[in-house]
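Visitor: Pasting a predicted model and its sequence here:
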Amino acid sequence: DMLVKKIFSILVLTFLLTPFGALAEESHSDVSEGDVKTEIKEYIDHHLKDSYDFGIWHEYGIEFPLPIILIDEGLHVFMSSKFHHGETVAESNGKYYKVFHSKIYRTDAEGTIEMDEATHHPSNVKPLDFSITKNVLTIMLISILIFWLFRSFAKSYANSMIPNKKGRLLEPLVLFVRDEIAIPNIGEKHYKKYMAYLLTVFFFIWFLNLAGMTPLGIGVTNNIAVTFGLALMTFFITQFTSKKDYWGHIFWMPGVPVFMKIVLAPIELLGVFIKPFALMIRLYANMTAGHVVMMSLIGLLYIFDNWFAKGAFLGLTLFLSILELLVAFLQAYIFTMLTALYFGGAVAEHDDHH
């Protein structure tokens, strides 16, 4: 057991520091401090962005291409390796495409990108992009993992009420979502019809947050398009499953003077849209900030020459890495809890006595 723990500790430390191994080598060479800082900033920026390749270790070329799917006067399907990390032009069915600032534009054989003088944005034709990017692939893999885990978990109860090995981990979490999130916020009468969505969104966000802590450059939950999609689903479910009392308390609150009803109605209606917006921003901002802080601290290890400073930053990085495990769970919990709170408000039954 002690040997296993030691091996696990070494793997965790290696896992955390691997992404900046190349920077460590260059920091001991003739590269100036300014160049190291620039490389760290570029690496952080690259880590936070989505990409058309799935890189495991970019510095050593360990990565694999992903499918590019474009609709531009027809369907164009090819692998992202044609772009050679955005350095070359890809040809498909007589048309040429180039990656510019993480977006694909139609261009000529030379890869000319024309800039609009007024907006300073490319004026080239931008095809409809349905490519399988790194984030899209991660979402697919996490979805398959969740489906497999819960299908196996559910089938284990067909033969025995005692859960299997996976069930021993999942059952307490399912009961936690039910007893600590769904029932207190929605009520025992209506919580069951929302449990499938609440469990899905809880485990989906949690697993994606954990995947974002790896050095693979996965940043799904710090992509605002993803958090927007999750918040939008919560918004639609809230509105389409709400009772008439929900809208009545928004537009014509009982027990309030008529003048105040007129004043408060627009504010309450605005709150309907602010709530999912807050869900979107909270998850996006917290996960993005966590990634930036963690990678910045690791980058500082290769800027300071003082070994005392290196040790201090290493200790702080390891401490925050452990803390990030809590944050990954906490952000999934907060999103699910607030979602349940909005559902509870939508189906609440009010007995108004005047």
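Guide: Okay, I see it. From a predicted model like this one, the values you see are computed outputs, not experimental measurements. Numbers count the residues shown, from 1 in each chain.

Visitor: Endpoint to endpoint, stretch 169-188 covers what distance?
Guide: 25 Å (Cα to Cα, to the nearest Å).

Visitor: Show residues contacting it.
Guide: Counting contacts by Cβ atoms under 8 Å, 6 or more residues apart in numbering, the residues outside stretch 169-188 that touch it are 149-150, 153, 163, 191, 194-195, 198-199, 202-203, 333, 336-337, 340-341, 343-344, 347-348. All C-beta spots, glycine's among them, are computed from the backbone N, C-alpha and C.

Visitor: Same check on stretch 333-341?
Guide: The contact list for stretch 333-341 (Cβ under 8 Å, 6+ apart) reads 177, 181-182, 185-186, 191, 194, 197-198, 201-202, 205, 230, 234, 275, 278-279, 282-283.

Visitor: Go ahead and confirm Phe78 touches Ser92.
Guide: Yes: when contacts are counted by Cβ atoms under 8 Å, Phe78 is listed as touching Ser92 (5.3 Å).

Visitor: where along the stretch 151-300 of the chain do the helices fall?
Guide: For the stretch 151-300 of the chain, the helices defined by DSSP state H, counting those that start in this stretch cover 165-176, 183-186, 192-211, 224-240, 244-251, 258-300.

Visitor: Those helices: lowest mean pLDDT?
Guide: Set side by side, those show their lowest mean pLDDT on helix 244-251, which sits at a mean of 70.

Visitor: so how far is Tyr97 from the one residue sitting closest to the centre of the chain?
Guide: For the chain, the residue sitting closest to the mean C-alpha position, by Cα atoms, centre = their mean, is Thr221 at 1.1 Å. The span separating Thr221 from Tyr97 equals 29 Å under the rule Cβ to Cβ, to the nearest Å.

Visitor: Let me see the contact set for the closest residue to the residue nearest to the centre of the chain other than its chain neighbours.
Guide: Counting by Cβ to Cβ, 6 or more residues apart in numbering, Met287 is the residue found nearest to Thr221 once chain neighbours are left out, at 4.5 Å. Listed by Cβ under 8 Å, 6+ apart, the contact partners of Met287 are Asn209, Gly212, Gly219, Thr221, Asn222, Gln331.

Visitor: Go again with 10 Å.
Guide: Under the criterion of Cβ atoms under 10 Å, 6 or more residues apart in numbering, the neighbours of Met287 are 48, 205, 208-209, 212-213, 219-223, 226-227, 324, 327-328, 331.

Visitor: Check the secondary structure at Asp35 for me.
Guide: Of the three states, Asp35 takes helix under DSSP: H, G, I helix; E, B strand; the rest coil.

Visitor: so who does the residue nearest to the centre of the chain touch?
Guide: Residues counted as contacts of Thr221 (Cβ under 10 Å, 6+ apart) are 135, 204-209, 211-212, 227, 230, 283-284, 286-288, 290-291, 328, 331-332, 335.

Visitor: can we see that at 8 Å?
Guide: Contacts here follow Cβ under 8 Å, 6+ apart; on that basis Thr221 touches Ile205, Leu208, Asn209, Gly212, Thr227, Leu283, Tyr284, Met287, Gln331.

Visitor: okay, it: pLDDT?
Guide: Here the pLDDT value assigned to Thr221 is 89.

Visitor: Quick one: classify Val99 as helix, strand or coil.
Guide: Strictly by three-state DSSP, Val99 counts as strand.

Visitor: quick one, phi/psi of the closest residue to it other than its chain neighbours?
Guide: For Val99, ignoring the flanking residues on the chain, the nearest one in space by Cβ to Cβ, 6+ apart is Gly86 at 3.9 Å. Recorded main-chain torsions at Gly86 are phi 80, psi 10, according to degrees, to the nearest 10.

Visitor: Return the residues in contact with Gly86.
Guide: The contact partners of Gly86, by Cβ under 8 Å, 6+ apart, come to Lys98, Val99, Phe100.

Visitor: Now tabulate those residues in CSV and tack on pLDDT and neighbour count.
Guide: Conversion of the contacts of Gly86 to CSV gives the following (pLDDT from 0 to 100; neighbours: other Cβ atoms under 10 Å):
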residue, pLDDT, neighbour count
Lys98, 90, 22
Val99, 88, 21
Phe100, 86, 17
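
Visitor: can you give me the strands in the stretch 51-200 of the chain?
Guide: Taking DSSP state E, counting those that start in this stretch, the strands of the stretch 51-200 of the chain run over residues 53-57, 62-65, 67-71, 75-79, 90-92, 95-100, 103-107, 128-129.

Visitor: For Leu141, which of those strands is the nearest?
Guide: Between Leu141 and the strands of the stretch 51-200 of the chain, the tightest spacing by Cβ to Cβ is seen for strand 53-57, at 10.3 Å.

Visitor: angle of the host helix or strand of Gly345 against helix 224-240?
Guide: Applying DSSP states H and E as the criterion places Gly345 in helix 307-347. Orientation of helix 307-347 against helix 224-240 (axes from the mean of the first three to the mean of the last three Cα atoms, to 10 degrees) gives an angle of 20 degrees.

Visitor: If anything else comes up later, I'll come back, but that's it for now.
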